[in-house]
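show me the folded form of this:
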Amino acid sequence: MTRMSAKVVPLNDLSGSQEESKTVRIRKMIDEVAKALLSNSAAVVASQFPNYQTEFPRLFAMLLVPNFDKVVLERMITQMEKIEAGKQTQHQASVEVGSVLVDTYVKGKVPAGAKKNQN
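Numbering: from 1, shown residues only. Predicted structure coming up:
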């Protein structure tokens, strides 16, 4: 009879582990919440995922709001993935997301020639 020995790994030693990245967890949350909202109210869904409420409180709350801007959210997550992969810095991602937000929510909504209120 062959005895198998289990390797004991300390809890704080995550080297070599396959821990999920933040963006993977966010995408998983978005998918699970969207599926739950197909057959449940936002209040019911909120009570079903206390772990997401704790880890991503603002994002989770946004997912419960009907008609949130999925396109902007997707662009933000894509920028996070680029940071995680080392393809860009947090500053570069911030500039990119800021440009998208200005283009989406500000341009065309502020009258041309409008000046700042100078008090």
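
how close does the most centrally placed residue in the chain sit to Lys35?
Nearest to the mean C-alpha position of the chain, counting by C-alpha atoms, centre = their mean, stands Ile26 at 4.6 Å. Separation of Ile26 from Lys35 (C-beta to C-beta, to the nearest Å) stands at 15 Å. To be clear about C-beta, it is placed using only N, CA and C from the backbone, and glycine gets the same treatment.

do Lys70 as well
15 Å.

what helices and strands are in contact with the helix or strand of the chain with the lowest mean pLDDT?
The least trusted helix or strand in the chain, going by mean pLDDT, DSSP states H and E, turns out to be helix 90-105, with a mean of 90. Counting contacts by 3 or more C-beta pairs under 8 Å, 6 or more residues apart in numbering; DSSP states H and E, helix 90-105 is packed against helix 70-84.

send me the helix it packs on as CSV with only the CA atoms.
Taking C-alpha atoms only, helix 70-84 is exported to CSV below (Å, rounded to 0.1, in the frame of the first residue of the first chain):
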residue,chain,number,x,y,z
LYS,A,70,-22.3,48.6,-19.1
VAL,A,71,-20.1,50.0,-21.9
VAL,A,72,-18.2,52.3,-19.5
LEU,A,73,-17.9,49.6,-16.9
GLU,A,74,-16.5,47.2,-19.5
ARG,A,75,-13.9,49.8,-20.5
MET,A,76,-12.9,50.3,-16.9
ILE,A,77,-12.5,46.6,-16.3
THR,A,78,-10.4,46.3,-19.5
GLN,A,79,-8.1,49.0,-18.2
MET,A,80,-7.8,47.1,-14.8
GLU,A,81,-6.8,44.0,-16.8
LYS,A,82,-4.1,45.9,-18.6
ILE,A,83,-2.7,47.1,-15.2
GLU,A,84,-2.8,43.6,-13.8
